[in-house]
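Asker: sharing a sequence plus its predicted fold:
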Amino acid sequence: MRASLLVSLASGALAARPFLSEPDTGIDAVLGDTPEGSLPDLDDLVGLPDFEWAARRYLPLANYTYYQNGAAGEWSARNNLEVFYRYLWRARQMTDVTGLPDTLQTTILGHNFSAPFFISPCARGANGHVDGELNLVRGAAAGGILYITHRVKPSAYSSYTAEELFAAREEGQVIFQQLYLNTNITEDTETIRRMENAGADALVLTIDSSAGSNRHRAARFGAGSANTQLTPLTWDYYDQLKNITSLPIVLKGVTSVETAKKAVEHGAPAIVISNHGGRNLDGSPSALEILLEIHDQAPEILDQIEIWADGGVRYGGDVLKLLALGVRAVGIGRPYMFANVYGTEGVERVTEMMKSELIIDAGNLGLESLKEINSSYVNWTPNHWLG
């Protein structure tokens, strides 16, 4: 009886605790006197969560809200951040980790990159900086990582046209283009042809926005939302799209093993496990939880298709846990958008921080090479010390 009561009381205490979007690592004590509407020195920021702290104090409220908001009560957006800490490491010791820095490189659809993470497609770069998405193109080039551009003008979600963004590439830089389609084959063919001509190296079709979303925070602050029309995007339509382009069409927004299986059946070159940053369907599981479902129910998928994942990644250890579940590359969205308030230098700094954290965390995990990471390095029995 006493043990049950203690468990009950502990569960109640955990349920009542505040959500920690930005953990208390002393930033207020050190940088709290930074005037509202100005930015602390970039060199004073030490981790990815610091960029949200800086952006929140610097940006107009509506601009910040557009980046920060999630769907409905934002439970999925919160869970994306917290889920990583329900699973603890199983580190190895007494290994030679000195060669780790030389093992960060990876390939994504056959293209070489300096690290197994990329800039996820995010809208309205100009909310953070006058140069908008141009900073993301330039920052990705400097860091040698992939950038997936968001839908582009003439929509309201990008500050530049596809032609302008792809013209800003460094020589040899690889950029993928995200697509939102109307399921009108004539219009969508024109869109795809335009992206081909602009120079996209692959297309990333968002499949989890068929009905828009209920974004209460965004509506409250007039920060915009997704379309509310119902879109009949089906597997038959995906097959039609594949027949009109030679570019690979990756599927972004897979949230179940059933959809992952269908993607394999229909010959998708890759899928992105993602709940849209918790911005579309509140109650959607995190990428890590979806990957655990795949491991449990259909582990063969991991060998049949390239899997990428995004959502809630803030630390090197977050990337490692997704890699441990067989992910080829990990997307990072909001931290890059918040860092964009510093321009290209901010984007570059996020990449530098993440590479450094990856090396340190992988070293402490006992990996001699990042390629060695696998599911045995994590205890997948969830603990509840974070709720």
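Answerer: Yes, it's here.
Asker: pLDDT weak spots in the stretch 101-250 of the chain?
Answerer: Low-confidence segments of the stretch 101-250 of the chain, defined by pLDDT under 70, span residues 152-157, 225-228.
Asker: mind running it again at 80?
Answerer: Counting by pLDDT under 80, the ranges of the stretch 101-250 of the chain that qualify are 151-158, 212, 224-229.
Asker: break down it into its strands, ranges please.
Answerer: Secondary structure of the stretch 101-250 of the chain (DSSP state E, counting those that start in this stretch): strands at 106-108, 111-113, 117-119, 146-149, 175-179, 203-206, 249-254.
Asker: which one of those strands lies closest to residue 353?
Answerer: Nearest of the strands of the stretch 101-250 of the chain to residue 353, taken as CB to CB: strand 117-119 at 11.2 Å. Using the backbone N, CA and C atoms, a C-beta is placed for each residue, glycine as well.
Asker: other SSEs contacting the closest one?
Answerer: Applying 3 or more CB pairs under 8 Å, 6 or more residues apart in numbering; DSSP states H and E, we find strand 117-119 packed against helix 133-143, strand 146-149, strand 329-332, helix 344-365.
Asker: select, out of the strands of the stretch 101-250 of the chain, the one closest to residue 36.
Answerer: The closest of the strands of the stretch 101-250 of the chain to residue 36 is strand 117-119. By CB to CB, the value is 27.8 Å.
Asker: in its sheet, what does that closest one sit against?
Answerer: Paired strands of strand 117-119, with direction, are strand 146-149 (parallel), strand 329-332 (parallel) (DSSP bridges).
Asker: low-confidence ranges in the stretch 251-387 of the chain?
Answerer: Applying pLDDT under 80 to the stretch 251-387 of the chain flags the ranges 384-387.
Asker: 50 instead?
Answerer: Residues of the stretch 251-387 of the chain meeting the criterion pLDDT under 50: 387.
Asker: hmm, back to that, distance to residue 179 and mean neighbour count for the strands paired with strand 117-119 - can I get that in a markdown table?
Answerer: Formatted as a markdown table, the strands paired with strand 117-119 follow (distance: least, CB to CB, whole Å; neighbours: other CB atoms under 10 Å):
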| stretch | distance to residue 179 | mean neighbour count |
| --- | --- | --- |
| strand 146-149 | 10 | 26 |
| strand 329-332 | 16 | 26 |
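Asker: okay, these in TSV with distance to residue 312 next?
Answerer: Shown next, in TSV, are those (distance: least, CB to CB, whole Å):
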stretch	distance to residue 312
strand 146-149	17
strand 329-332	10
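Asker: touching stretch 189-207 from outside, list them.
Answerer: For stretch 189-207, contacts defined as CB atoms under 8 Å, 6 or more residues apart in numbering pick out 109, 111, 121, 148, 162-163, 165-166, 169, 174-181, 233, 238, 241, 244-245, 247-254, 259, 269, 272, 276.
Asker: how about the helices and strands packed on strand 117-119 in JSON lines, adding distance to residue 229?
Answerer: Below are those laid out as JSON lines (distance: least, CB to CB, whole Å):
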{"stretch": "helix 133-143", "distance to residue 229": "25"}
{"stretch": "strand 146-149", "distance to residue 229": "23"}
{"stretch": "strand 329-332", "distance to residue 229": "26"}
{"stretch": "helix 344-365", "distance to residue 229": "33"}
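Asker: for the ones you listed, which one sits closest to residue 29?
Answerer: For the helices and strands packed on strand 117-119, proximity to residue 29 was assessed by CB to CB; helix 344-365 is nearest, at 20.4 Å.
Asker: now the closest one and helix 133-143, what's the angle there?
Answerer: 40 degrees (axes from the mean of the first three to the mean of the last three CA atoms, to 10 degrees).
Asker: quick one: strands adjacent to the next helix or strand after helix 344-365?
Answerer: Elements were assigned by DSSP states H and E; along the chain past helix 344-365, the next helix or strand is strand 378-379. Partners of strand 378-379 in the sheet, by DSSP bridges, are strand 88-89 (antiparallel).
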